Each structure stands twice: as structure tokens, then as C-alpha cells.
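Q: The amino acid sequence is not available; the structure is as follows:
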């Protein structure tokens, strides 16, 4: 079925990871007309791969100084804890969490610079050194000569989190096989300068959002390519970035999983 008449929206969110879902909740709370499109399943990719770990920037400070990245997400654990308690910008009180902290271990050869930085006033609110008697059994071994720190960074149950968003915002979620961005015939505000043709199952419909948010992770590469192609229309919202288009960052993920009875 094809619907020809464009549907006006305040926002179109493309990508159903946690960034898009959180944004959907915020915009809905403010009364926006918004839909979120996902071409696979909610949380597919990075949200599931992150294993529910809420980082507060400590891993970006392992050089012994607070990097820009570490400072940018320093308040993230606090915001999530507030949300999980039903007191934040998004009410996630129905979501399960696995633990309210994580452990960071270092080798015995870690530099004094890093050890001193971890003990600094800047980091004390994020982490604390654990005494040996508080070590989990796994680390109470004579061969372990390093240090153990407790980080105030919670770990969520991702299936519970995704189920909450699915149930809470089902009317705003669309499973889309393809999205095509197009320029409209309008070139002056407040009329939208662009629209999106959405293919969902046997349906095809067009939306005209005032804003498009790309939260699709690696899928943003294809979206950015479409936007760059549209720059030939010389629309204001595109020409501002046509000479310096946004880039998508890719970083390899290297993780180690350890399993054992006493872990």
C-alpha cells in the first residue's frame, strides 16, 4: 500500500539504538510528533554489544589525565542512576539493572602518575580503591599483584531496557526496510526542505519532518551519503555543511570475556 500525502512530523529519528530511543522518550515528553525507524531490531549492534555498561569516562583517563572524552561523559552514570530510580529526564524505573558498579583492575607495574590521578579529587567521585579484604575471590590470589578499583558505573539488563522502550513507545516505532531522503519543493522556512520516503513491509509512505536525527550507528554512513547527494539542490540546511560534511567514526571493538564459578 502506498500513501501519497506527506505526513508532517516534528522529528524523524533514524536508528533504534539507545541514543535514538532515549531521544524518542525525551521528545515525546515534550509533546513532539515523532517517529523512530529501525531496519533490524531495537538495540541491534552497538547497544547490545555494549552489554549494558554505562561508562563515566574512566576508561578514557587511563593515561593519567582527564581527556576531553572523559569529561564529556563524566555525568552519564549519575543521569542513568536517576533515570533508573524514576527521577531523571527519562523514567526507567521499570528497567532492571545487574549491578550499580564495575571493577577496574590494574597491573602491579602501573605508573605512579596513573595511581596518583585515580586518587585525585577529580576522580574520587567516580571511583575508589578497594582494600584487599574486599576483593572478589577471583582477585584474592597470590599471583595477583595489581590494584582493584570500584567504579560508580552501573550495568543494565539490556533485554529489559529494550522491552521497556518497545512497550512504552510502540506507536512511535516503525520497522523500515529502506528510507530515501528527498528534497522538497519548498525552499523557505517554516516549510520542511526535505522529506523521507519510508518503506515498511508492504507500505510506503512519506513524512516531512522539521528535523531528522541520525542515530543509526554504522548506518549513518549511508544516510550521510544521501545528504551529500542532496547538497546539489543548494538547500540552506545542506550547503552549510556541503564543504565540510560530518564524518562517521569507526573504532574496532576488542573485548575479553572470562567465565568461572567464583566470578
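A: Received, thanks. These numbers come from a predicted model, not from an experiment.

Q: Give the buried residues for the helix or strand encompassing residue 211.
A: Assessed by DSSP states H and E, residue 211 sits inside strand 203-214. Neighbour-count burial for strand 203-214 flags 204-210, 212-214 (criterion: 16 or more other Cβ atoms under 10 Å). Yep, even glycine has a C-beta here, placed from its N, CA and C like the rest.

Q: Show me where the stretch 1-150 of the chain dips below the pLDDT cut-off.
A: Under the criterion pLDDT under 70, the flagged ranges of the stretch 1-150 of the chain are 1-4, 111-113, 117, 119-122, 124.

Q: can I assume residue 20 is in contact with residue 11?
A: No: with contact defined as Cβ atoms under 8 Å, residue 20 does not reach residue 11; the gap is 10.6 Å.

Q: The two - which one has more neighbours?
A: residue 20 (25 against 19; other Cβ atoms under 10 Å).

Q: tell me the SS of that one?
A: For residue 20, the assignment made with DSSP: H, G, I helix; E, B strand; the rest coil gives helix.

Q: Residue 7 versus that one, what's the distance?
A: 19 Å (Cβ to Cβ, to the nearest Å).

Q: distance between the ends of stretch 132-151?
A: Terminal residues of stretch 132-151 are spaced 16 Å apart (Cα to Cα, to the nearest Å).

Q: related to what we said a few turns ago, now do the shared contacts for residue 20 and residue 11.
A: residue 213 (Cβ atoms under 8 Å, 6 or more residues apart in numbering).

Q: Which of the buried residues of strand 203-214 sits closest to residue 97?
A: In terms of Cβ to Cβ, no member of the buried residues of strand 203-214 lies closer to residue 97 than residue 213, at 26.3 Å.

Q: Would you confirm that the closest one contacts residue 12?
A: Yes: if you go by Cβ under 8 Å, residue 213 and residue 12 touch, sitting 7.2 Å apart.

Q: before we move on, back to that, what element comes up after the strand holding residue 211 heading to the C-terminus?
A: Downstream of strand 203-214, the next assigned helix or strand under DSSP H and E is helix 220-230.

Q: Spatially nearest residue to residue 27 (excluding sequence neighbours)?
A: Nearest-residue entry for residue 27: residue 34, 4.7 Å, with adjacent residues in sequence omitted and distances by Cβ to Cβ, 6 or more residues apart in numbering.

Q: check contacts around residue 199.
A: By Cβ under 8 Å, 6+ apart, the residues touching residue 199 are 176-180.

Q: now swap in residue 85 and tell me
A: So residue 85 contacts residue 93 (Cβ under 8 Å, 6+ apart).

Q: cool, residue 149 as well?
A: Residues near residue 149 by Cβ under 8 Å, 6+ apart: 103-106, 118, 127-130.

Q: Could you do residue 212 as well?
A: Neighbour list for residue 212: 11-12, 14, 181, 194, 196 [criterion: Cβ under 8 Å, 6+ apart].

Q: confidence score at it?
A: The model reports residue 212 with a pLDDT of 92.

Q: related to what we said a few turns ago, closest to residue 64 among the buried residues of strand 203-214?
A: Checking the buried residues of strand 203-214 one by one against residue 64 (Cβ to Cβ), the nearest turns out to be residue 214, at 34.8 Å.

Q: Walk me through the regions of the stretch 151-263 of the chain where pLDDT falls short of the threshold, as ranges.
A: Applying pLDDT under 70 to the stretch 151-263 of the chain picks out residues 185-192, 231-246, 262.

Q: can you give me the strands in it?
A: Ranges of strands within the stretch 151-263 of the chain are 155-156, 173-175, 178-183, 194-200, 203-214, based on DSSP state E, counting those that start in this stretch.

Q: Could I get the ones you listed in JSON lines, plus columns for distance to residue 66?
A: Output for these, formatted as JSON lines (distance: least, Cβ to Cβ, whole Å):
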{"stretch": "strand 155-156", "distance to residue 66": "23"}
{"stretch": "strand 173-175", "distance to residue 66": "37"}
{"stretch": "strand 178-183", "distance to residue 66": "39"}
{"stretch": "strand 194-200", "distance to residue 66": "39"}
{"stretch": "strand 203-214", "distance to residue 66": "29"}
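
Q: Alright, I will stop here.
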